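Trainee: Here is my input, please return the structure:
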Amino acid sequence: MMRINLLPHRAEKRRARQIQFIALCVISLLLGAILVGVVQVAISAQISYQERRNDYLKKETEVLDKQIAEIKKLREETRALLERKNVVENLQSTRSDVVHLLDQMLRILPEGVYLKSLKQTGNHIELEGFAQANARVSTLMRAIDNSPWLESANLVIVSAANVGQGRTNQFKLTFKLTKKQATAIKGAPAPASQNK
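Mentor: The predicted structure follows:
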């Protein structure tokens, strides 16, 4: 015997498919929301990790900037100290130059020559004065060239001048103070030995 189902089976299948579709939509929606939440949490965690790294780098950069500023300050102080040291060494090495210059000028200045000014710039000396004759200026220049402390005498100008009631020659010459020391300064007395 055959059984015939008179119930509306197509409507039930359709309703079961609709329920299944709605259930799958809800499950997909829940899975999508969960997936979006997980991705959001992961991205937030990475963003906060990167922000922590950025903050750390900023702090370290500030520390390095302070250290760089200190290094620059120390370099400037070192440079200033080196410049001071060089100036002191230069003064130390040239402090006896004026003594040698004046000593040599006293030794080599011929009679009839009078100095008006003596100007030193480094080792360059500029001398102005009066002479009774041009020959005395020539004698002075030869004495400068023969001096162990002076060299390169160069006559700049010689001109006739009236000084007081007499007529003299006004001159200007330049020469250099040498750094080499002579073994024996001309005209210096030999040291006397003491015998007891």
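
Trainee: now the helices for the chain?
Mentor: 9-94, 97-108, 134-146 (DSSP state H).

Trainee: Okay, buried residues for the shortest one please.
Mentor: With burial defined by 16 or more other C-beta atoms under 10 Å, the residues of helix 97-108 counted as buried are 97, 100-101, 103-105, 108. Where C-beta positions appear, they are placed from N, C-alpha and C, glycine not excepted.

Trainee: In TSV: the residues you listed, plus pLDDT and distance to Thr168.
Mentor: Output for the buried residues of helix 97-108, formatted as TSV (pLDDT from 0 to 100; distance: C-beta to C-beta, whole Å):
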residue	pLDDT	distance to Thr168
Asp97	74	30
His100	76	28
Leu101	78	24
Asp103	80	26
Gln104	80	23
Met105	82	19
Ile108	83	20
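
Trainee: List just the nearest of these to Glu62.
Mentor: Asp97 (52.5 Å; C-beta to C-beta).

Trainee: Domain-wise, how is the protein divided?
Mentor: Following automatic domain parsing, one finds the domains of the chain at 17-95, 97-177.

Trainee: could those domains be laid out in TSV, adding distance to Met2?
Mentor: Formatted as TSV, those follow (distance: least, C-beta to C-beta, whole Å):
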stretch	distance to Met2
domain 17-95	28
domain 97-177	135
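
Trainee: Which of those has the lowest mean pLDDT?
Mentor: Among the domains of the chain, domain 97-177 carries the lowest mean pLDDT, a mean of 83.

Trainee: Report the separation between the two terminal residues of it.
Mentor: This stretch, domain 97-177, spans 8 Å end to end (C-alpha to C-alpha, to the nearest Å).

Trainee: All further residue positions should be reported with the first residue as 27.
Mentor: Noted, 27 is the first residue going forward, which turns the last one into domain 123-203.

Trainee: How far off centre is that domain?
Mentor: 41 Å (C-alpha atoms, centre = their mean, to the nearest Å).
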